[in-house]
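A.B. asks: can't give you the sequence, but here's the structure:
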C-alpha cells in the first residue's frame, strides 16, 4: 500500500505539479530558454529592458531584478526568429527598351540582423522588404535591352541587391543572395509570334540544309559522270588502235586472215534481216534452183 501511495505521489509531482511550477517560473521570468538562432526581447513600461541572443538557459532576474516578474502584467516578451528566411516574387512587371512587356521572378534570402529595429521600426518588415524588392526590380531593370534581360541575369541580380540592401538595414534585415530566377514574356500574343518565328526559322534552316545536301550530291554525281565520260571517251579512242594492231598481227598469216574474214562475213549475213536461204536438192543444177525452174524429167 505504501508503495502505491509513493508511486502516486511521484507521478503527481512529476507530471502534474512540476509542469505547473515550471510554467509559473517561465511566466514570472525566473528563467528563459533561448534556442539556436533565436532572440528574446523583454519590454517593460514601454522600454526595452533586456535582449538575449545567446542560446541556452538564462535568468532575467540577474539583469532586471524583481521587475522581471512584472513583465507578464505590464510588459511584453518577444521571440525573434534569427534563421535564414527566403521569399520569391513572381512575375514582376518590367518593360524592355524595345517595349516588350516582361515578367521577372526574383528570389531573395534574408536574416534578421537587428532584432530591435525589426520589432520597432516597421510594423510589417517582411511586407515592406517584399515591396522594396519589387520596386527595386521595376526601377533598376526597366528599359534594359531585351537581349541583356534574357542573358545577363547575374548583372541584373547585382543591381537589385545593391538597391535593396541599404533600405533593408533600416528595418533590421540583412539581405543575402538576390537572384533573378525567371524572365518571361507577359503577353501571350507576343509569345505565340516568337514561337511562330522560331518555327519558321527552323524550317528555313532545315530547308537550307536539305538544299545544300542535294547540291553536294548533284556535284558529286556530275563529277562522277564527267569522269566516267572521260574514261569512256579514252576507251573509244583507243579501241581502233587495239583492233587495228590485232588485225595486223592476224594478216601476217594469210590462211588465218582468210578464215577470219569468212567467219565475219558469215556472221554479217546471218545478222541481216533480208537473208533468204534456198535448199537445193541433190542432183539439181544450181541454175534451176536459183531460177525456180523444174528440171526436165529424164527418159528411161
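C.D. replies: Arrived safely, thanks for sending. Every value quoted in this text rests on a predicted model; they were computed, and no experiment measured them. Numbers count the residues shown, from 1 in each chain.
A.B. asks: shaky segments in the stretch 101-250 of the chain?
C.D. replies: Across the stretch 101-250 of the chain, the ranges flagged by pLDDT under 70 are 190.
A.B. asks: Tell me what residue 110 is bridged to.
C.D. replies: On the basis of DSSP bridges, residue 110 is bridged to residue 85, residue 175.
A.B. asks: who touches it in this structure?
C.D. replies: Residue 110 sits next to 84, 85, 86, 87, 129, 168, 173, 174, 175, 176 when contact means CB atoms under 8 Å, 6 or more residues apart in numbering. Bear in mind the C-beta positions are built from the backbone N, C-alpha and C, glycine included.
A.B. asks: if you set the cut-off to 10 Å instead, what comes out?
C.D. replies: For residue 110, the contacting residues are 84-87, 125-126, 129, 133, 164-165, 168, 171-178, by CB atoms under 10 Å, 6 or more residues apart in numbering.
A.B. asks: Can you select the buried ones among the residues you listed for me in ChimeraX?
C.D. replies: Command for ChimeraX, covering only those of the contacts of residue 110 found buried under the criterion 16 or more other CB atoms under 10 Å:
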select :125,129,133,164,165,168,171,172,173,175,178
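A.B. asks: per-domain residue ranges of this structure.
C.D. replies: 2-75, 85-186, 189-237 (automatic domain parsing).
A.B. asks: winner for burial among the ones you listed?
C.D. replies: domain 85-186 (a mean of 17; mean count of other CB atoms under 10 Å).
A.B. asks: And that one, end to end?
C.D. replies: This stretch, domain 85-186, spans 28 Å end to end (CA to CA, to the nearest Å).
A.B. asks: Equivalent analysis for stretch 38-55, please.
C.D. replies: One end of stretch 38-55 sits 7 Å from the other (CA to CA).
A.B. asks: Are there helices or strands packed against the strand or helix carrying residue 227, and which ones?
C.D. replies: In the assignment (DSSP states H and E), residue 227 maps to helix 188-251. Helices and strands touching helix 188-251, by 3 or more CB pairs under 10 Å, 6 or more residues apart in numbering; DSSP states H and E, are strand 173-185, helix 254-271.
A.B. asks: Mind telling me what element residue 88 is part of?
C.D. replies: Using DSSP H and E, residue 88 sits within strand 85-95.
A.B. asks: Output the contacting helices and strands for that strand.
C.D. replies: Judged by 3+ CB pairs under 10 Å, 6+ apart, strand 85-95 is in contact with strand 101-112, helix 125-141, helix 146-151, strand 173-185.
A.B. asks: switch to 7 Å and redo it
C.D. replies: The contact analysis (3 or more CB pairs under 7 Å, 6 or more residues apart in numbering; DSSP states H and E) places strand 85-95 against strand 101-112, helix 125-141.
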